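J.: give me the fold of what follows.
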Amino acid sequence: MADAVVRCLRDGRLDGEHAPALAVQGSLHCCPLAARAMLHLAAAVASNAAAGKAQARGLVVVAFDRSPEVFLDFMTQSGLDSNALLRCVRILDCYSDPLGWKQNIRSQSHQEDTGTPCLTNKDNITIFRSVKDVDKLLCSIIDLGRGFEGESKTYFSVAVDSISSMLRHASVQSISGLLSNLRSHDQISSILWLIHSDLHEPKFSRAFECLSTMVACVEPEGVDSAYGEEHMGNISFLEHNYSKAKFHVRLKRRNGRVKHLYEELRVEGYDVKFLSASSLSMEVNQSLLPKVQFNLELSEKERSDRANVVLPFEHQGKGEPIRIYDGRRSLPEAQQDPDLSKTAILDETKAPKSTTAKGEIHYIRDSDDERPDSDEDPDDDLDI
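T.: Residues are numbered from 1 along each chain as shown. Below you'll find the predicted structure:
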């Protein structure tokens, strides 16, 4: 399933469409695992770009939560050599000095401009010191992406780590506009970002979900709200949540359908593994179906009880004379009314059933000029 996400990011955009976007959602219970999943996906995008298998020629990483060295070390452990990193990876460092305070202290005597991006001793790392200016951040990302080598139009991918840190410096509207502008830019092949959903209001998380075509939720493998306090002090339970997690993915198709996938995420040192769980995936799919709270088949007792139900009609045939009448008034009223025609009431004694089935319908009209569709109540002969 993680391979399906990587393929979508690798294949990139189609003509006339926005770039595919992946939102990786984590929580405080499994924050390190969500960060590892983000690193793994970013390294996979960079590896495909370095091998020439992707639409993008490189990856621009916007680092807010982790230093650039963390990304470079992880990608090196994933198999990228130094030449591939220099050629295909650019990191915009918003972690080291996000507001430019350190630079202000060091350069008070030099009167340097703290808002301008500055290169470090590494060629593929650029320090950005004005994170509150979202427009300048967008221009810096585009400028770094245009530096990749390629023939004609050069595509590149963008990884943002993380949206939660950006929300400390900018509003939801400005960051949503930044992501929308990145998706609609004609040189961006794909984009992915990390967000800690439980740190924000649900409406904010849903707003960023609407901008994505894929949503990957990293959830702890074992959470029990009834015994949450007991688990909080359980060291083995905490270690378990720091090494394993559930990885749910929702893929939004072009035809409007949403595909749900599930895998198990395991972290062993620098290795991030995704293990398929077919049985658990079936359980997840079954949980999406509506719960039926009734049985479609009757038991023997229910059948016998249904046969003994007395319907609320006047004529039950319990050995008493059956009165068949016109249905316009009750029997006592009909017997006391001298104006009623005697032919309107027929006394009929129930006869024993014969072997041959025979049925009759008796109908007496009030008058010849009665309209076929009368406004009289046809059910006033019921004992309800």
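J.: averaged pLDDT, stretch 66-77. What do you get?
T.: The average of the pLDDT scores along stretch 66-77 is 92.
J.: could you list the buried residues of that stretch?
T.: R66, P68, V70, F71, L72, F74, M75 (16 or more other C-beta atoms under 10 Å). C-betas here are computed from N, CA, C, even on glycine.
J.: output it as PDB - backbone C-alpha positions only.
T.: Only the C-alpha atoms of stretch 66-77 are listed here, as PDB (Å, rounded to 0.1, in the frame of the first residue of the first chain):
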ATOM      1  CA  ARG A  66      13.900  18.700  12.000                       C
ATOM      2  CA  SER A  67      17.300  19.900  11.000                       C
ATOM      3  CA  PRO A  68      18.500  19.300   7.400                       C
ATOM      4  CA  GLU A  69      21.100  16.800   8.600                       C
ATOM      5  CA  VAL A  70      18.300  14.500   9.700                       C
ATOM      6  CA  PHE A  71      16.900  14.300   6.200                       C
ATOM      7  CA  LEU A  72      20.400  13.900   4.600                       C
ATOM      8  CA  ASP A  73      21.400  11.200   7.100                       C
ATOM      9  CA  PHE A  74      18.200   9.200   6.500                       C
ATOM     10  CA  MET A  75      18.400   9.500   2.800                       C
ATOM     11  CA  THR A  76      22.000   8.300   2.900                       C
ATOM     12  CA  GLN A  77      21.000   5.300   5.000                       C
END
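J.: show me what the strand ranked longest in the chain packs onto, helices and strands only.
T.: The longest strand of the chain (DSSP state E) is strand 258-268. Judged by 3 or more C-beta pairs under 8 Å, 6 or more residues apart in numbering; DSSP states H and E, the packing partners of strand 258-268 are helix 31-50, strand 244-252, strand 271-276, helix 278-287.
J.: would you list the phi and psi of Q25?
T.: The phi and psi torsions at Q25 (degrees, to the nearest 10) take the values phi -110, psi 130.
J.: residues in contact with F128?
T.: Contacts for F128 were tallied using C-beta atoms under 8 Å, 6 or more residues apart in numbering; they are L92, D93, C94, P98, P117, L137, S140.
J.: what secondary structure does the first one sit in?
T.: If I follow you right, that is L92. In three-state terms, and counting by DSSP: H, G, I helix; E, B strand; the rest coil, L92 is strand.
J.: for it, give the beta-bridge partners.
T.: Under DSSP bridges, the beta-bridge partners of L92 are V62, T126.
J.: quick check: closest non-adjacent residue to S164.
T.: H196 (4.5 Å; C-beta to C-beta, 6 or more residues apart in numbering).
J.: residues touching the one you found, list them.
T.: Contacts for H196 (C-beta under 8 Å, 6+ apart) come out as Q25, G26, S27, L28, C31, A34, S162, S164.
J.: and the gap between V134 and Y262?
T.: 35 Å (C-beta to C-beta, to the nearest Å).
J.: and what of S107?
T.: The spacing between S107 and Y262, counted by C-beta to C-beta, is 51 Å.
J.: of the two, which one has the most company?
T.: Y262 (19 against 13; other C-beta atoms under 10 Å).
J.: need the per-residue pLDDT for the more buried one.
T.: On the pLDDT scale, Y262 gets 85.
J.: where do the strands of the chain begin and end?
T.: 21-26, 59-63, 89-93, 118-119, 125-127, 156-161, 188-196, 214-220, 244-252, 258-268, 271-276, 322-324, 346-348.
J.: what mean pLDDT does the shortest one have?
T.: Per-residue confidence for strand 118-119 averages out to 62 on the pLDDT scale.
J.: what of the second one?
T.: Predicted confidence along strand 59-63 averages 95 (mean pLDDT).
J.: contacts for it, please.
T.: 42, 45-46, 49, 68, 70-71, 88-95, 137, 141, 144-145, 156-161.
J.: quick one on the thing from earlier: next, the angle from the longest strand of the chain to strand 244-252.
T.: 150 degrees (axes from the mean of the first three to the mean of the last three C-alpha atoms, to 10 degrees).
J.: for the nearest residue to L194 once chain neighbours are set aside, phi and psi?
T.: Excluding its sequence neighbours, the residue lying closest to L194 (C-beta to C-beta, 6+ apart) is S162, at 4.0 Å. Backbone dihedrals for S162, given as degrees, to the nearest 10, come out at phi -140, psi 170.
J.: what about S162, neighbour count?
T.: Neighbour tally, S162, other C-beta under 10 Å: 23.
J.: mind checking pLDDT for it?
T.: 87.
J.: equivalent analysis for G100, please.
T.: So G100 comes in at 85 (pLDDT).
J.: ok, how many other residues are close to the nearest residue to A50 once chain neighbours are set aside?
T.: Nearest residue to A50, sequence neighbours excluded (C-beta to C-beta, 6+ apart): A84, at 4.1 Å. Using other C-beta under 10 Å, A84 has 18 other residues around it.
J.: do you know how far A84 is from A46?
T.: As judged by C-beta to C-beta, A84 and A46 stand 8 Å apart.
J.: sorry, back to before: who does the longest strand of the chain pair up with?
T.: strand 244-252 (antiparallel), strand 271-276 (antiparallel).
J.: who wins for proximity to L298 among these?
T.: Shortest distance between L298 and the strands paired with strand 258-268, using C-beta to C-beta, is found for strand 244-252: 39.4 Å.
J.: if anything else comes up later, I'll come back, but that's it for now.
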